[in-house]
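Student: just coords:
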């Protein structure tokens, strides 16, 4: 699985968009980009995933660059409840590596 | 409601006293997994299961056992707990090839 690099921490004002970047320059053609988040001591929560097209769901949008070497998770109107550690993970669909590797992620703090 | 249910949420036990942490999912998911989370070490996979009666070791399986006799249940067994197994444990499940895990709320275990 390709390695990812994320900033350690970010701040965002409540009501504004939170844009969380992730670098995955060694991603291969059949690997997907996944985003999870973990609110303090709760179980991680799946947010969204994508291959090459931009994706949107009720929680967030995922923008993947054309060369697929980086992506951005967008929370359009951040609230205090969005304060969490956000993990960007690259995984191949299926495969024999049955492990989701969580790195250190980005601690997003949403301020009032 | 689709969910992964772990019990108990909190447990304090003594060294050597066998314990079981239960995990149940109501989504008919094939894949289930156990993770532990420790400060500075992040989330690490203990065991995983691809289906009934099919399990395999993750990164940190020592001191743990699992079983998957039914699709919905994936208990984690500590035959002889030791203080270094004090941790926050998460069970998770996913339906198939996509890595959209649903995590349980966690079990905070303290071994004294």
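Tutor: Now that the structure is in, tell me what you want to look at. It should be emphasised that the depicted structure is a prediction, and the values quoted were computed from it without experimental measurement.
Student: Looking at stretch A:74-82 now, give me its mean pLDDT.
Tutor: Averaging pLDDT along stretch A:74-82 yields 97.
Student: So what's the residue count around the residue of chain A found nearest chain B?
Tutor: Distances between chain A and chain B by C-beta to the nearest C-beta are smallest at residue A:43, namely 3.1 Å. Backbone N, C-alpha and C define where each C-beta goes, glycine included. Counted with other C-beta atoms under 10 Å in any protein chain shown, residues neighbouring residue A:43 total 22.
Student: Now do the SS call for it.
Tutor: coil (DSSP: H, G, I helix; E, B strand; the rest coil).
Student: Now do the same for the residue nearest in space to the middle of chain B: its pLDDT.
Tutor: Centrality entry for chain B: nearest residue to the mean C-alpha point is residue B:34, 3.2 Å, by C-alpha atoms, centre = their mean. Looking at residue B:34, its pLDDT stands at 97.
Student: who touches the residue lying closest to residue B:3 once chain neighbours are set aside in this structure?
Tutor: With sequence-adjacent residues excluded and distances taken as C-beta to C-beta, 6 or more residues apart in numbering or on different chains, residue B:3 is closest to residue B:26, at 6.4 Å. By C-beta atoms under 8 Å, 6 or more residues apart in numbering or on different chains, the residues touching residue B:26 are B:2, B:3, B:5, B:72.
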